[in-house]
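>>> Kindly return the folded structure for what I paste below:
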Amino acid sequence: MPRLLPRLLKALKEDGQQPKHLGKGGYVPSPKRKSLYRPVPQRPSFDPVGRRRSILLDKRNPVTQDYVYVRHKTLPPRVRIYPAQVPKVGYDVPREMSVQEREWWSSPYLRMLSTPLRVCAVSRRTLPADFLIRLAPLRLPVSRGAKSMQVLIPDGLEHPKFKRRKGRTALYVTCWKDALQGIQGRAALPRLAPNITVHQLLGAQISYLLRLRILQEIELLTRRLSCNQINGGQDATILRRLTRAEFKTFRKTGLVPCVDAVAILVVPPVNRDPTTKVRPQPSREPIVPPNQSDPPVLKTGGRTPLPLSTLHRIEQINDDEDLMLSNHMPAARVPLYNGFAMFPSAPQRTTLHKSLCELLQAERRSRRRGPSSAPVQGDSWESKRASGDRKASHAFLLISSERTVKRADSAPLAIALWRLRMWEGDAFDSWDGGGWEVGSEWRMQYTRCM
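Modelled structure (predicted):
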């Protein structure tokens, strides 16, 4: 006992100095998926005609062994199945996705709509989880005898490979920075945790983490391309630069030059600082710097600031036609993201440009390893030897289709970009630009009431 008490006091002292997430126990990782599927036998007849004994005496009967007749779903299909992944035991054999299923899986919008449904604490509307921001209470360390204090922090915004969810008790708010302003008065915070507060840097912290998630998705996409040996040809290109001729035509017509495009990122290299004559160093720290209490603002020199994103069509459609929503689907549009407005911080923008260039290099190396080494239009290696309008521009074209998902999945990157667009309000304010969400009247009413 004398040896145990000093160690116990030391552990209690160290434990009281660290913040804790509320909830029963710590983080519980999701268990590995296990299939319960097995063939269901044919149900016997309850008709007593022709029976010599009761159905209860049968070896398998739906009365005493009803679990045998319960139907279970099979595990979802996979994009690719390697021979080593096929188990030799069990009834549920892994199945590879069909062409139609891969096309659905490559759509970032279907992926967002298929996430679990959660209720927004401010608007009381049920939305998919990718349309919401998860906030978890964190218990702050206090001195002995003082009242406990909790603060709301974003939870689960980073990729699980970099940082897992910590809190088991949480609430959800619409992914819109204007909706966060009413969380103190509209959300039931005392029910979540007593003495909970919302710190002033919560909005800046969420903005920083959403941008960090984009950088993490680019890094993971680069890793997947570097490890994958599959070369699907020129139609399976995931990221390429638009040539200067293509970018000029795009700015003139407003039509995206690729049917399977999901995003266009205009990210020029960051210039040197006019005072120090030094380029900013890349930075991707997952914390909000103390000098960034407000989001950084770019100096535009009196010019109109660039929007964070604009939507552009893939094909030309006559706007004068009266199309009813019940009979026609809305025209497909691709967001164009401006690097200056998307990443106002120069160090983060430097990291974004560097990460995109590394992704292009991984794409080029993957092409060289494959059996077909035909040059891809807009490839950075080919653009160095090109001249004039054939040279590469600062516009990066992100593609996701049923052919690209077999090489690497670029839909999570498109989802991370769209979530930042929703957070900044572009997806809710610019309805003339062609938003694809139906039922936006509550946002306008909420804005008027604030």
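
>>> which residue packs closest to residue 182, ignoring adjacent ones?
Using C-beta to C-beta, 6 or more residues apart in numbering and skipping residues adjacent in sequence, the residue nearest residue 182 is residue 122, 5.5 Å away. For glycine as for every other residue, the C-beta is placed from the backbone atoms N, C-alpha and C.

>>> Residues contacting stretch 401-413, please?
The set of residues that contact stretch 401-413 without belonging to it, under C-beta atoms under 8 Å, 6 or more residues apart in numbering, is 79-80, 99-100, 102-103, 105-108, 111, 214, 217-218, 220-221, 224-225, 228, 230-233, 235-239, 260, 262-263, 366, 398-400.

>>> Could you work out the end-to-end span of it for me?
For stretch 401-413, the first and last residues are 13 Å from each other (C-alpha to C-alpha, to the nearest Å).

>>> Residues touching stretch 67-79, excluding its own?
By C-beta under 8 Å, 6+ apart, stretch 67-79 touches 33, 35-38, 40-41, 43, 60, 62, 85, 92, 94-98, 101-102, 105, 405-406, 409.

>>> Can I get the buried ones among the residues you listed as something I can paste into PyMOL?
In PyMOL, selecting the buried portion of those, with burial taken from 16 or more other C-beta atoms under 10 Å, looks like this:
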select buried, resi 62+94+97+101+102+105+405+406+409
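
>>> Counting only helices, which of the contacts of stretch 67-79 make the cut?
Using DSSP state H, the members of the contacts of stretch 67-79 that fall in helices are 101, 102, 105.

>>> Redo those as CSV? Include pLDDT and distance to residue 198.
Listed next are the ones in helices among the contacts of stretch 67-79 as CSV, based on pLDDT from 0 to 100; distance: C-beta to C-beta, whole Å:
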residue, pLDDT, distance to residue 198
101, 93, 42
102, 92, 42
105, 93, 37
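
>>> Reformat the residues you listed as TSV; add distance to residue 349.
Converted to TSV, the ones in helices among the contacts of stretch 67-79 look like this (distance: C-beta to C-beta, whole Å):
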residue	distance to residue 349
101	37
102	33
105	31
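
>>> Name the nearest of these relative to residue 51.
For the ones in helices among the contacts of stretch 67-79, the closest approach to residue 51 (C-beta to C-beta) belongs to residue 101, at 45.6 Å.

>>> Apart from its chain neighbours, what residue comes closest to that closest one?
Of all residues beyond its chain neighbours, the one nearest residue 101 is residue 77 (6.1 Å), with distances taken as C-beta to C-beta, 6+ apart.

>>> and if you look at residue 248?
Excluding the flanking residues, the one nearest residue 248 by C-beta to C-beta, 6+ apart is residue 389, at 7.1 Å.

>>> What is the neighbour count of residue 58?
Summarising burial for residue 58: neighbours were counted as other C-beta atoms under 10 Å, giving 14.

>>> who's in contact with the residue nearest to it when sequence neighbours are not counted?
The shortest distance from residue 58 to any non-neighbouring residue, by C-beta to C-beta, 6+ apart, is to residue 44 (6.8 Å). Contact criterion C-beta under 8 Å, 6+ apart gives 55, 58, 61, 62 as the residues in contact with residue 44.

>>> Just flag the most distant two among these.
Between all members of those, the farthest pair (by C-beta to C-beta) comes out as 58 and 62, at 9.5 Å.

>>> what's the neighbour count on the residue nearest to residue 196 when sequence neighbours are not counted?
Once its chain neighbours are removed from consideration, residue 196 has its nearest residue in residue 150; the separation is 4.3 Å (C-beta to C-beta, 6+ apart). By other C-beta under 10 Å, 21 other residues sit near residue 150.

>>> Now name the helix or strand holding residue 150.
Under the assignment given by DSSP states H and E, the secondary-structure element containing residue 150 is strand 149-154.

>>> Centre of the chain to the helix or strand residue 206 falls within, how far?
Residue 206 is part of helix 202-227 when elements are defined by DSSP H and E. Once both centres are worked out by C-alpha atoms, centre = their mean, to the nearest Å, helix 202-227 turns out to sit 9 Å from its chain's centre.

>>> Could you do stretch 252-271 as well?
Relative to the mean C-alpha coordinate of its chain, stretch 252-271 is positioned 20 Å out (C-alpha atoms, centre = their mean).

>>> Give me the mean pLDDT for it.
Here stretch 252-271 scores 90 as its mean pLDDT.

>>> who's in contact with that stretch?
Residues from elsewhere that reach stretch 252-271, judged by C-beta under 8 Å, 6+ apart: 106, 108, 242, 246, 249-250, 279-280, 312-316, 334-339, 342, 346, 349-350, 352-353, 356, 394-401, 404, 410-411, 413-414, 417.

>>> Show me what whichever helix or strand residue 365 is part of is packed against.
Secondary-structure element containing residue 365, defined by DSSP H and E: helix 346-369. Identification of packing neighbours for helix 346-369 by 3 or more C-beta pairs under 8 Å, 6 or more residues apart in numbering; DSSP states H and E yields helix 202-227, strand 239-243, helix 339-342, helix 380-385.

>>> deepest of those, which one?
Greatest average neighbour count among these goes to strand 239-243 (a mean of 24), per mean count of other C-beta atoms under 10 Å.

>>> Given that strand, what are its sheet partners and their directions?
Based on DSSP bridges, the strands next to strand 239-243 in the sheet, each with its direction, are strand 392-399 (antiparallel).
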